[in-house]
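# Any chance you could fold what I've pasted below:
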Amino acid sequence: MRSNSRGLDTPKETRKRFLNRPRPNPDRFGSATENFARFMGTPQFLLYMTVFCIIWLCWNTFGPAGLRFDSAALGFTALTLMLSLQASYAAPLLLLAQNRQDDRDRVSLRQDRQRAERNLSDTEYLTREIAELRIALREVATRDYVRSELRSVLEELLETTDGQELTLHKRKPRKPPENTVAMPKVQPAGRKPVR
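Predicted coordinates for the structure are as follows:
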């Protein structure tokens, strides 16, 4: 009888495999490929590859005949295969590094957009607050208006009980600015209004 554990209704993860599937850490693998891709774009890499190829060619051309491993007569087939293998791995590594850079750029762009939206909302808030302050300042009494009110209160205080009045040098009362609201007259505490 056949076991049901190999059936189509069994999830793939629970099936036992002869060899475990390699699952590299994507972040670690991606950073390693980026480092290698960066190294491939440096002058040191080109210098090392040039020195390696020169040593290879010199050894297989001028070295002892019994120790040569790549034939010059066949056009250095092993070197050609090795360089093509290196190139076939370099292209996907460069694409992987570029994809990771695109992902970082996308995240950076999203953060910049969010920062710009926050700055815009903060600027709008500050603009509204400044407008409210300007409106509130229109209702504040001016210096001249407060002086004239204080002068009138002082004159009321200087009146004597027998009806005589001490007067100060009166200046011509100034008209309060149009954008101020008249403030109510306040009687000092504990005194009866004078009639």
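# Which strands or helices does the helix with the most length in the chain pack on?
Identified as the longest helix of the chain according to DSSP state H is helix 77-138. Here helix 77-138 touches helix 26-40, helix 43-62, going by 3 or more CB pairs under 8 Å, 6 or more residues apart in numbering; DSSP states H and E. Every C-beta, even on glycine, is put in place using the N, C-alpha and C of the backbone.
# Mind listing what's buried along the first one?
Looking back up the chat, that one is helix 26-40. Residues of helix 26-40 classed as buried by neighbour count (16 or more other CB atoms under 10 Å): 30, 33-34, 36-37, 40.
# So, low pLDDT: which residues of this protein?
1-7, 11-17, 160-195 (pLDDT under 70).
# Please repeat the previous calculation with a cut-off of 50.
Regions of the chain meeting the criterion pLDDT under 50 cover residues 1, 161-162.
# circling back: with distance to residue 138 added, can I get the helices and strands packed on helix 77-138 in CSV?
Output for these, formatted as CSV (distance: least, CB to CB, whole Å):
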stretch, distance to residue 138
helix 26-40, 60
helix 43-62, 69
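# of those helices, which approaches residue 70 most closely?
Closest of these to residue 70 is helix 43-62, at 4.4 Å (criterion: CB to CB).
# and that closest one, C-alpha only, in PDB?
Only the C-alpha atoms of helix 43-62 are listed here, as PDB (Å, rounded to 0.1, in the frame of the first residue of the first chain):
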ATOM      1  CA  PRO A  43      40.900  50.200 -10.300                       C
ATOM      2  CA  GLN A  44      42.400  47.600  -7.900                       C
ATOM      3  CA  PHE A  45      40.200  44.900  -9.400                       C
ATOM      4  CA  LEU A  46      41.200  45.700 -12.900                       C
ATOM      5  CA  LEU A  47      44.900  45.700 -11.900                       C
ATOM      6  CA  TYR A  48      44.500  42.400 -10.100                       C
ATOM      7  CA  MET A  49      42.700  40.800 -13.100                       C
ATOM      8  CA  THR A  50      45.400  42.200 -15.500                       C
ATOM      9  CA  VAL A  51      48.200  40.800 -13.400                       C
ATOM     10  CA  PHE A  52      46.400  37.500 -13.100                       C
ATOM     11  CA  CYS A  53      46.000  37.200 -16.900                       C
ATOM     12  CA  ILE A  54      49.600  38.300 -17.600                       C
ATOM     13  CA  ILE A  55      50.900  35.600 -15.100                       C
ATOM     14  CA  TRP A  56      48.600  33.000 -16.700                       C
ATOM     15  CA  LEU A  57      49.700  33.900 -20.200                       C
ATOM     16  CA  CYS A  58      53.400  34.000 -19.300                       C
ATOM     17  CA  TRP A  59      53.300  30.700 -17.500                       C
ATOM     18  CA  ASN A  60      51.500  28.900 -20.200                       C
ATOM     19  CA  THR A  61      53.700  30.400 -22.900                       C
ATOM     20  CA  PHE A  62      57.200  30.500 -21.400                       C
END
